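Dropping a prediction and its sequence here:
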Amino acid sequence: MTQQPNILLFVTDDHGQWASGPYGNLAVCTPNLDRLAASGVRMENAFTPTPVCSPARASLLTGLTPSQHGIHDYIAMRFDNRDWLARVQTLPQLLQKAGYRTGMYGKWHLGNEDTPAPGFDSWFSIGSAYPFLHFGTREFCRQGRMTSLHGSIDAIVTRHAATFLQDSDERPFFLLVGLSAPHSPWDGHPQRFVDLYKDHDFVDIPRSESYPFGEPAGESLSVDRRREREHLAQYHAAVTHVDENVGRLLELLEVAGQRENTLVVYTSDHGLNCGHHGVWGKGNGTLPLNMLEESIRVPLILNWPGVLPAGARCDEMVDHLDLFQTLAAAAEVEIPPAFDYPGEDLAPLCANGRQNKEWRQVQFGEYGPMRMARSRRHKLVRRFPDGPHELFDLASDPRECRNLVDEPAYRLPAEQLSAAIDTYFGRYAAVDTNGLLGAALPQHNLTEAWRQ
């Protein structure tokens with residue numbers, strides 16, 4: 001490698017893996033993501049470390065588990081002025097020190113949006129105004145100064161991110177683009193995209209499912225079930241709108257002659273249920289919290305012309321902790337030894353599309369005092385201290401309908417995955433930020449699920 005590559009990182013809000021063309025959904029229009037995947041590497045089994053916004057984003061930008069960095073639930077934008085990441089160095093801080101020009105455009109969701117976060121030369125956030133709307137007039141934070149703008153929120157973000165790409169600065173750049181269209185409310189998206197889906201039957205979403213292991217919560221309570229079809233059209237329109245904005249920035253890279261030396265990554269903070277299992281929402285769409293596949297699976301596409309193979313599919317289980325290591329390695333950044341980092345660089349895994357038999361065989365996740373270990377076949381969900389716990393056989397029960405945790409025939413996988421949880425979090429959890437502390441942790445918002 002002769003020079004540090006540019007890095008363009010898209011982190012979309014609530015974009016479930018199932019809702020994108022590269023992952024086999026023929027009902028949703030995502031031509032730019034399709035092209036990215038066709039000329040890059042698609043991670044077939046990509047997961048979030050936690051199925052809710054703020055801790056997932058913190059894990060991606062720090063390479064640490066929530067039980068290491070200490071963010072365990074979504075942060076209300078104006079809940080307080082705490083510097084939630086003060087104890088760690090983030091990827092943009094490391095890249096900035098390594099000579100990168102760094103920019104954040106869109107949704108930050110790791111503290112007060114009205115104050116630029118450390119590590120960024122350029123800052124344009126969506127601001128902390130509530131409620132959040134996808135179209136209208138709202139205040140944005142530009143370099144620490146508030147400005148009122150009107151229009152589609154993601155289109156405004158993309159337009160300003162374009163100015164970052166058009167800068168004549170010759171340093172390599174890191175640009176984080178936080179697009180938020182798929183997040184609720186599922187309303188207010190461009191009508192030209194909504195019209196694409198007005199006649200769709202959305203057959204890819206099971207209609208007769210219910211979730212027998214909890215009660216509706218969060219967005220599941222707020223969604224109008226009488227308007228589900230309209231909400232689905234709006235959600236799919238949001239994904240297509242995201243895709244259009246991705247395409248606009250990719251086109252700018254081409255025009256500027258920067259495409260060949262830019263690593264482009266597309267992912268989401270976590271997944272989303274849109275009626276799957278009868279749930280609307282992510283990990284906090286039910287009480288107790290859930291680790292449903294739709295909540296934890298995310299799209300992850302890596303595209304670097306001439307370096308990563310084109311059209312490759314990687315089947316190993318990976319997550320945002322690995323993505324952190326991958327971006328740091330691509331930029332040749334030295335990661336400080338203050339923490340024990342769980343992730344691994346994905347580049348060797350992607351090379352020539354070959355599978356690495358030594359890659360880990362268990363994927364882990366957490367959300368407050370809930371923890372998960374998932375092998376290829378089985379998924380164990382443990383809720384500390386007293387349960388309820390769940391074990392699913394994903395081979396015979398991919399829709400996670402039958403809890404087998406107390407079945408004698410499944411005692412061995414339950415014990416093995418339980419031991420794996422203890423070993424993993426025994427290593428990757430700090431004493432004072434461990435998710436098992438639950439209610440003793442600093443409060444992120446007024447409705448944390450484990451406090452209810």
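Alright, I've got the coordinates.

switch to C-alpha atoms for all contacts and neighbour counts from now on
OK.

State the distance from S180 to N112.
In this view, S180 and N112 are 16 Å apart by Cα to Cα, to the nearest Å.

Next: D187.
Note on D187: its distance to N112, by Cα to Cα, is 25 Å.

tell me the contacts of L176?
By Cα atoms under 8 Å, 6 or more residues apart in numbering, the contact list for L176 reads 8-11, 103-105.

how about the most centrally placed residue in the chain, phi and psi?
The chain has D269 as the residue nearest its centroid, 1.3 Å off, counting by Cα atoms, centre = their mean. The phi/psi pair for D269 (degrees, to the nearest 10) reads phi -70, psi -40.

Around E358, count how many other residues there are.
Neighbourhood size, E358 [other Cα atoms under 10 Å]: 7.

which of S180 and N112 has more neighbours?
S180 (25 against 22).

Look at the more buried one and tell me its secondary structure.
Assigned by DSSP: H, G, I helix; E, B strand; the rest coil, the conformation of S180 is coil.

same check, this time on I301
Counting by three-state DSSP, the backbone at I301 sits in strand.

Return the helix or strand hosting F193 as CSV; C-alpha atoms alone will do.
Under the criterion of DSSP states H and E, F193 resides in helix 191-194. C-alpha atoms of helix 191-194 as CSV (Å, rounded to 0.1, in the frame of the first residue of the first chain):
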residue,chain,number,x,y,z
GLN,A,191,-43.8,10.8,-2.6
ARG,A,192,-42.0,9.8,-5.8
PHE,A,193,-40.4,7.0,-3.8
VAL,A,194,-43.6,6.1,-1.8
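
Next SSE downstream of it?
strand 215-216.

what's that following strand in contact with?
Contacts to strand 215-216, defined as Cα under 8 Å, 6+ apart, come from residues 279, 285-288.

how about a cut-off of 10 Å?
221-222, 278-281, 284-289 (Cα atoms under 10 Å, 6 or more residues apart in numbering).

you'd agree P305 is in a helix?
No: assessed with three-state DSSP, P305 is coil; it does not lie in a helix.

residue contacts, the closest residue to it other than its chain neighbours?
Closest residue in space to P305, ignoring its immediate chain neighbours: E260 at 5.4 Å, by Cα to Cα, 6 or more residues apart in numbering. Contacts for E260 were tallied using Cα under 10 Å, 6+ apart; they are 5-6, 253-254, 303-307.

Could I get the phi/psi values of E260?
Note on E260: its backbone torsions stand at phi -70, psi -30 [degrees, to the nearest 10].

How about V242?
With angles defined as degrees, to the nearest 10, V242 sits at phi -60, psi -50.

Now do the same contact list for it.
V242 touches 10, 12, 15, 30, 32-33, 154-155, 158, 179-182, 236, 248, counting by Cα under 10 Å, 6+ apart.

If anything else comes up later, I'll come back, but that's it for now.
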